[in-house]
Every structure is written in C-alpha cells, then in structure tokens.
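*Asks:* What shape does this take:
(2 chains)
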There are 2 protein chains.
Amino acid sequence: MPIPAAPTAPVTPVAPRDYARARLGEPCVTQMHYARRGVITEEMRRVAEREDLDPALVRSEVARGRMVIPANVLHRGLDPMAIGIASRCKINANFGNSAVTSDIDKEVEKLRLAIKYGADTCMDLSTGGGIDAIRQAVIDASSVPIGTVPIYQAIQQVDKVTDLTVAGILENIEHQAKQGVDYMTLHAGMLLRYMPFIAKRKMGIVSRGGALMAEWMMFHHQENPLYTHWDEVCAILRKYDVVVSLGDSLRPGCLADASDEAQFGELETLGELTLKCWQHDVQVMVEGPGHVPMDQIEMNMKKEAEVCHEAPFYVLGPLTTDVAPGYDHITSAIGAAIAGWHGASMLCYVTPAEHLGLPDLEDVRQGVIAYKIAAHAADVARHRKGARDWDDAMSDARWSFDWEKQFALAMDPERAREKHDATLGHEAFKTAEFCSMCGPKFCSYKNSQDVTAAWDTYMKETAKGTPAADLKPGEIAAQAVKERAAERKVALAAAKAGAG
Amino acid sequence: MPIPAAPTAPVTPVAPRDYARARLGEPCVTQMHYARRGVITEEMRRVAEREDLDPALVRSEVARGRMVIPANVLHRGLDPMAIGIASRCKINANFGNSAVTSDIDKEVEKLRLAIKYGADTCMDLSTGGGIDAIRQAVIDASSVPIGTVPIYQAIQQVDKVTDLTVAGILENIEHQAKQGVDYMTLHAGMLLRYMPFIAKRKMGIVSRGGALMAEWMMFHHQENPLYTHWDEVCAILRKYDVVVSLGDSLRPGCLADASDEAQFGELETLGELTLKCWQHDVQVMVEGPGHVPMDQIEMNMKKEAEVCHEAPFYVLGPLTTDVAPGYDHITSAIGAAIAGWHGASMLCYVTPAEHLGLPDLEDVRQGVIAYKIAAHAADVARHRKGARDWDDAMSDARWSFDWEKQFALAMDPERAREKHDATLGHEAFKTAEFCSMCGPKFCSYKNSQDVTAAWDTYMKETAKGTPAADLKPGEIAAQAVKERAAERKVALAAAKAGAG
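*Replies:* The predicted model follows:
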C-alpha cells in the first residue's frame, strides 16, 4: 500500500462510471453476481489497484461475500472501494440534518470535509426537510459510496409512524436506489420475539430506525415488514447493485446492555438474512455495536464472523465508556481500533457531538481523524501489507528534523502545522533541530544522534586495534559530535536549497 | 468506589500532613518500611478510603511492592493516593517550561486545571529558567503527588552536559526531596552495553533524560553514574519517602523500534534496580513505552510484571501510530486504555501538542480527559469493583432525559453543556425529550419507551386471559403511549420542581 498523499493533495481523477450505467436493465447487476461467474469487473480492478491486491483475490472475496464493493451502477462519480477483511480497514462519516436544524449547503460541505480528511464512505442520515434534494446533491458531489436509511424518508411521508405501509417502504427503497445510493441500512432483523428482551434492558432500543420499526410492529402486532418482504427488497436492490447494510436495531446503547440476549438474538437473524441476500447475489454487510466494554470487543467480532458467515462487520465505535459526552470520538476510537484489529471491516465514526446534538464542521473533522487513527492502528496491528510504511516515513522525517515532511505526512497537515507554529512560528524554525517542547539543549533526537556518532567513532578506533589505554573517549566523542554537527549543517542547507 | 462528583465540585478538605513531617529524622520513613513492619499508616488508611479497599490489603500490597503511595513527608498539602494493580488505574499530567517558553503562573495554572479535570499525579518537567521557584510553587499548590526529573536541573547548573558530576546529581536529588517532591524519574537502567543496540534503531534515544545520560556516559566512557551510585541514591530517598520512578531511557520513539533488544535489555536492568530499591525499603515503580503497535501492548505489560517483579508499571501512552501529530492524545489514549486493561497502573498523558510543541491550557484539558477516559475504560474492562456504576448512572440519566444530571456526571461538564447548548441553548430544552441530533419525531429513547410500555400492557392483557382474538394491539399500544406520555409529564414536572 503506497504511503498516502497528504489529504490536501488533489485526488487522482477517475473516469466517470459510464461503463456501470450500461449494465442497467439486467435483472442482476451486482458485483457478487459477476464475481461468482468469474468476471473481474472494472470496479474490482480499481479496488485491487487501490488496495495493492491481486484482482483475482478481490473477485474471489466478493464472490465469497467476505468483501463488498458498494457501487450503485447509477453513481457516476464514484471511485470504487471495498469493505472486507482482505482490504484496509475503512471508516464511515455520518451527517445529515434533523427537523431541528437543516441546511443543504452545510451537508455538502460536511461531505467534502469528510472526504478531504479521509472518510471512505459517507452516510446521509437526514431526517428533516428537503431530504430528497440533499441526498441527490450529496451523491452527485461524492467520489465515495453514499449510504442511507430509507425508512427515515418513508416516515417523513406519513403523518404517524404507524401509518407506514410495506408499499411505502419498498417505494422509498427503489426511489433512493434510482438516485444512486450505494448502500442502505435496513432494520430487518428485529423480530417480535425479541421484544421481551428489550424490556429487560437499561436503555431499550437506541437505534433510530429500530425504534421506529418497533413502534410499527407493536401497534399493528405484526412481524417486521422488512423481514417478511425480504425477497422483494432484494429484488429491487440487485437491479442497481445497492449493498445491504443489515441494521442492528438492538445494538446496546450503554455498557450495561452490551452482549445481551437482545443483541445476540437479533444477530442470529442477521446471519439468516445474510444467507438470503447471497441467494439473490445481493452484497451485504452487517452492522454492529455500539457501547461495549473493551474486554468484550474481540468476542463480539468473532461472534459476528461465525454467526454471519464472515460477511463484513461494520461497527459503530464501540464506545468503551458512557461517561464522557463531548469526547465520544475518543471513548469510541478506543473501541473502534480494537474492533478493527480483531476483524471489523468498517468503523462508523462518532463525533464529539454524540449524545448532545448534531455535529458541526469541526466535529466532523475531529471524528474523521479519530477514526482514521483507529483504522490505521488496526491495519498496523493486523500487519496489513505495507501499513507501517507510513509510520516509518514519519519517523524518518522526525529523526531528520524535516518539519515540512512531517506536516505533509500528517493525517491532518494543517492542524499539525498550526500547533507547531503556535509556539515557534518563524520560518527559520522549520529547519530547527528542536521544537518548543524541549528547546535546543534538551532535544533528545539531537543528543542521541551525537551519542551514536561518538559511539561509532569509538568502535571504529577499537576495531583498528588502537589499544584501549590509548583511547580517549571524551576526545573521540567531542570530535564526533563536531563532525556530526557539521554534517547536519550541510544536509539542512541542501534540503533548504532543494525545497527552495 | 463512589461515583465521582463532577470535577467542578469542591474537593473534600483533607487535614494537612503534619503527622508525616513528624517522621523526619528517622533513617527510613517510607510507606514500604512501615508496611513491612505491619504498620498501617495514615496514608494507607486514606488510600483505603478513597479506593474502597481494606486497609490491611493496602498495607500488604505496599509491603509487597505491588502498590506505591507517593507521599514525601514534606509535602504537607498532599491528599495521599496509590498507584498499583489493586487500585484504580491512575493518570499523570506533565507540564513545565522549556528554554523557549517560560512562565511560573502559567505552570501553576496548568497544575490546577489538570487536577480539576482529574489528574491523579502531575510531573513538573521544567527545563527552562526559574526551575526552583516553579517547582516549589507547584508543590505548595498541589493536593496530588508531584514528580520531577532531577537530572534536568543538574544539567541547568553546568555549562556542558559532560561537566555533570555524581556529586552534582546527588545534591539535586536531595535538594528536590527537601522541597517535597513525591516521586522522581531516574534514568539509572541504561548501561554502556546497550549502546550498540541504539545504533540499530530508527530513532535512537527519545527520552530527554536518557539522551543526556548517554551523552555523559559516551564522553567519559564510564558506566551510568546513577546505576553505579544506586545505594547512595536510595539512602537519600528513604529519608523523605520519595518514590523512584525508574526511567526508561530506551523506550521506543516509533512503532519500528518497539519491543526491541534495547528496550527489553534496559527492562532487565530496571528489574534488577527494583529489587535493590526494595532492599532499602524504597518504593519504586517502572516507566514504560512509548510507541507500540496494539498487538504488542499486552505482551509488554506481562513482560514488565515478570521482569520487574510486579512493581507498578507507569506507561507513556503508548502511541499506536506515528502519523497523527496534533492528535496524539487520541493515538495514545487507544494504547493507554489497552495498557491499563492489561495491567499498567498509571498512564502518563500525551497532549495534542506532542511532537509539535509545549501544551497550552486547552491541550492539557484535552490530554487529561483523553486519559481519564482510557483509565476508566481500563477499570471497566478489568471489572474493578464499582467501576461501571458511573456508566450506569449516566445511562439512567440519559434514558430519563435528565440533561442536568448528564452534564453533572460528565467527565467534563462544561464542555458537555457547551456542545448541547450550541444547537439547543434555550432553558426549556434542558427538560426536552430529545436533542438536536434526532429531533422529537426520531428520538429512539422516546419511541423505544413507548414501545416497551405498549408491550407491557399487551402482556398484562394476555396474562389476564383475554382471548388473543379480542386483543387489539393497535389500541393497546396507542393507550399505553398516551399513558406513558402523561407519566413522563408528571415525572418531568416533579424533577423540575425538585431542581428549583
């Protein structure tokens, strides 16, 4: 995997996916459909290139259902990417308005910002006004897959939740598929038989979509309509290649509810629905918690892989404590990193605004970076090919006091530069062999480099056979330090000339 | 363990430690000395109270060396606390000036802020001017133990590092002990024989104190003077009960150098020095890395426990990736949480300024909260007695829409309130059954509560023996929702009246 360019670098332009649109009209146009028939699509090739994987491996993972490529044939500006255990760990950024605050330009701005800082997919979770226009604007502006929760719009169109009809839900799914949505969260796994488990919980249902479905099911005392009409849902999705993201209506909303019978009951049903998707050649991933203490995360990852037949796991955090509202990008980045390490394929970000309100632009930035950190730490811990090269490049830049390169390699170059310049703003300090943390005399890098130079010289003298009694370590060290300082001066001047 | 009061709540005043000063003049006044003789000191009693532990257990852990109580007999305003596997996971906040920036009031302000947000100990790492005055002001103002690195001042007093003398180092240790410093980082474990390992590293020595010691050792080609004079060091510390914090000069400064022969070579020597401390009844903890990929953290914790005889492990982060300068409170909170879970007793915070400059007040706040999160997540994952009560109290406050209680229970109440009020500032929203994230129609808590109420009513009807055919779930649900809404109105009015 190549070391990523700075997020501010221009993105390599990708040819519009007119080849994909040409598939429209076939009864099934999913990546899984082609993969199972031995076809390596343009999308698979692009994924192989981006992930530094063999295209044949990408095809076989997609065929096996262990990797999804969310790429609606109608999403023209998409740069295809993959979610699955064989590829890098991905992150998703959510945004979208609510009835309380609403602004179309603001949502597109959040999309651009999320992509700039490295979101691999984005979900438009708007529940307020102008929902259709926002979604279309977001899809048109996006090079990354866009996910939605169709039930939100279905509910906007009726007076009361309980007025919702199956036809209304299916219409909304097809309507959004036609807009180019790449994946959809569908809360199909919560069944009537799990209701008694919910009452035992501290926090019941915390999934918005899940709570709405439960309200409908309770009022009509009928089984989950998405579950009972799943074949019809799949029949729509396979025409556009929309990936199913099986919603976890019963994800725990607090540590106390983690890994309970409600959560794992629904997970069994998600496993059953996964197999049904695959019968239709529909790509599917599974959504997961939520709020989970650290010592239960690995078990949760393994359980999903087992119960859901290794379909990619897409987790929300999980938050590892409930007590830090305002900092839930951190409480959850801890859990997300551990989840990614133990097999989660995509991490849904949480912003500092979680539990308190809708995220603003700075919240989106903080959330995306926290999750890029979690995903990359997971890639490193899993020993994914080339993952650590990025870290090694940064370490080399640090050791050689190349501040400009450090900024360029940083996940958030502007923020890194800002924080450096806050104490040492002058241009001259960009080649300084220290920062404001230690100042020149206490800089461990510089002192350590002098020590190593002195040691090398000393060892060379010993190797020459100079008798130990004749060695004057102090003089050798002083000389080596002087030479090393001169070398550094030359190297820095050269670097400066090169940069100029 | 009681649920913590909000950090803004007044601290219970603690009687000044005049009882401790009275011990002065004895040849050995350490907690370990008393513990081994079966004495339960005032400090042990206070620790037992704060940790909800049996005082006899505290005594036996201190005697065993598995718990330290950093409490210089001359630190009058200290509220005694403990670091060790039997107690809650602790966090340390560093501050201090450098030659580049310097301000005494600023450092005391950082101390107060760090304590307010929950730092369990603080280290004054000043290396710039006015170092003595800053230290005394910090100790006098502090209710938490203060740590220092005496070598910094020893070096300030000479022209060149290589002019340093053993006498100068020992004088500084005693001088700072007399000021009331509770624990000292001493870089005694780096030996000449580890020098060749350093040259093989990507980033050599990144410990400031370690690099300075190495420079001295190289110039004079003499063994580490702290190592060769360790008995004299211990003889000073035991007179004041200063805890040794064995510095890890060779901690990795990047992922590439983690768990290498330099790091683990020095760790062996730290184990040797631990036993020597215990021979003198001197309390000791061991410092650890640094930069470590997630998959090596558990192994590092276990190795320290084995090699250093279960002396408390005090780790810096560790950072789980090198590529996010500006966000290293997050890269390292991930590692710190995992380290705490697997047995680290204290986590040294890292702020967003790490690798870029000295932290300002907001950096200190961000660093402290990130580490409180890591330490608490670790306590929860280790199932420490009562740790999750705090989370459960927050979950109850969320479920009952008690916003004021949510703010009060938050790790950072002001920040939580700020972020909530940014979108819904009006006082009326403090009792609202929703936030700006979902708005009223989509609030999962509210909807889920209605569902549960409806389900309960339905089940009661069934239990009464009402024939299934006569049950009209829709009507029952609608009635239950209405009743539930009325109940909520009453409860909220009562809560409001109580608050007023």
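
*Asks:* so what's the residue nearest in space to the middle of chain A closest to, chain neighbours aside?
*Replies:* Nearest residue to the geometric centre of chain A (C-alpha atoms, centre = their mean): residue A:91, 0.6 Å. Distance criterion C-beta to C-beta, 6 or more residues apart in numbering or on different chains; nearest residue to residue A:91, sequence neighbours excluded, is residue A:371 at 4.1 Å. The way it works is simple: take the backbone N, C-alpha and C, and place the C-beta from them, glycine included.

*Asks:* Strands of chain A, start to end?
*Replies:* A:67-68, A:83-84, A:90-95, A:121-124, A:146-148, A:183-186, A:243-246, A:284-288, A:313-316, A:346-348 (DSSP state E).

*Asks:* got a pLDDT number for residue A:461?
*Replies:* Residue A:461 carries a pLDDT value of 79.

*Asks:* and if you look at residue A:474?
*Replies:* For residue A:474, the predicted pLDDT is 76.

*Asks:* which ones are touching residue A:314?
*Replies:* Contacts of residue A:314 were listed using C-beta atoms under 8 Å, 6 or more residues apart in numbering or on different chains, and they are A:83, A:92, A:245, A:285-288, A:344-348.

*Asks:* Point out where chain A drops to low pLDDT.
*Replies:* Residue ranges of chain A with pLDDT under 70: A:1-14, A:99-102, A:428, A:431, A:434-440, A:467-471, A:488-489, A:491-500.

*Asks:* And stretch A:379-389, what's buried?
*Replies:* The neighbour-count check on stretch A:379-389 (16 or more other C-beta atoms under 10 Å in any protein chain shown) flags A:379-382, A:384, A:387-388 as buried.

*Asks:* Give me the contact status of that stretch with chain B.
*Replies:* Yes: Stretch A:379-389 reaches chain B (C-beta under 8 Å from any C-beta of the partner chain) through A:380-383, A:388.

*Asks:* Compute the first-to-last residue distance for that stretch.
*Replies:* 11 Å (C-alpha to C-alpha, to the nearest Å).

*Asks:* residue of the stretch 201-350 of chain A with the smallest distance to chain B?
*Replies:* residue A:221 (3.2 Å; C-beta to the nearest C-beta).

*Asks:* For the contacts of residue A:314, give me TSV that also has distance to chain B.
*Replies:* Below are these laid out as TSV (distance: C-beta to the nearest C-beta, whole Å):
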residue	distance to chain B
A:83	21
A:92	17
A:245	17
A:285	22
A:286	20
A:287	14
A:288	17
A:344	13
A:345	17
A:346	18
A:347	12
A:348	14
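
*Asks:* can I get those residues in CSV with distance to residue A:320 and neighbour count?
*Replies:* Below are the contacts of residue A:314 laid out as CSV (distance: C-beta to C-beta, whole Å; neighbours: other C-beta atoms under 10 Å in any protein chain shown):
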residue, distance to residue A:320, neighbour count
A:83, 23, 28
A:92, 19, 25
A:245, 23, 29
A:285, 23, 26
A:286, 21, 27
A:287, 18, 24
A:288, 14, 28
A:344, 14, 31
A:345, 20, 27
A:346, 18, 28
A:347, 13, 30
A:348, 15, 25
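
*Asks:* Out of those residues, which is nearest to residue A:237?
*Replies:* Nearest to residue A:237 among these is residue A:245, at 11.0 Å by C-beta to C-beta.

*Asks:* just checking, the residue nearest to the centre of chain A touches residue A:350?
*Replies:* No: counting by C-beta atoms under 8 Å, residue A:91 sits too far from residue A:350 to count as a contact (10.8 Å).

*Asks:* residues near the closest residue in space to residue A:327 that isn't next to it in sequence, how many?
*Replies:* Using C-beta to C-beta, 6+ apart and skipping the chain neighbours, the partner closest in space to residue A:327 is residue B:369 (5.5 Å). Using other C-beta atoms under 10 Å in any protein chain shown, residue B:369 has 26 neighbouring residues.

*Asks:* do residue A:302 as well
*Replies:* Neighbours around residue A:302, by other C-beta under 10 Å: 12.

*Asks:* Was I right to think it contacts residue A:313?
*Replies:* No: assessed by C-beta under 8 Å, residue A:302 is found out of contact with residue A:313, at 10.1 Å.

*Asks:* Pull up the overlap in contacts between those two.
*Replies:* residue A:343.

*Asks:* just to revisit the earlier point, so what's the residue nearest to residue A:327 up against?
*Replies:* Residue B:369 makes contacts with A:324, A:327, A:330, B:117-118, B:411-412, B:415, as judged by C-beta under 8 Å, 6+ apart.

*Asks:* repeat that for 10 Å
*Replies:* Going by C-beta atoms under 10 Å, 6 or more residues apart in numbering or on different chains, residue B:369 touches A:324, A:326-327, A:330-331, B:7, B:91, B:117-118, B:329, B:333, B:349, B:410-412, B:415.

*Asks:* Perfect, I'm done here.
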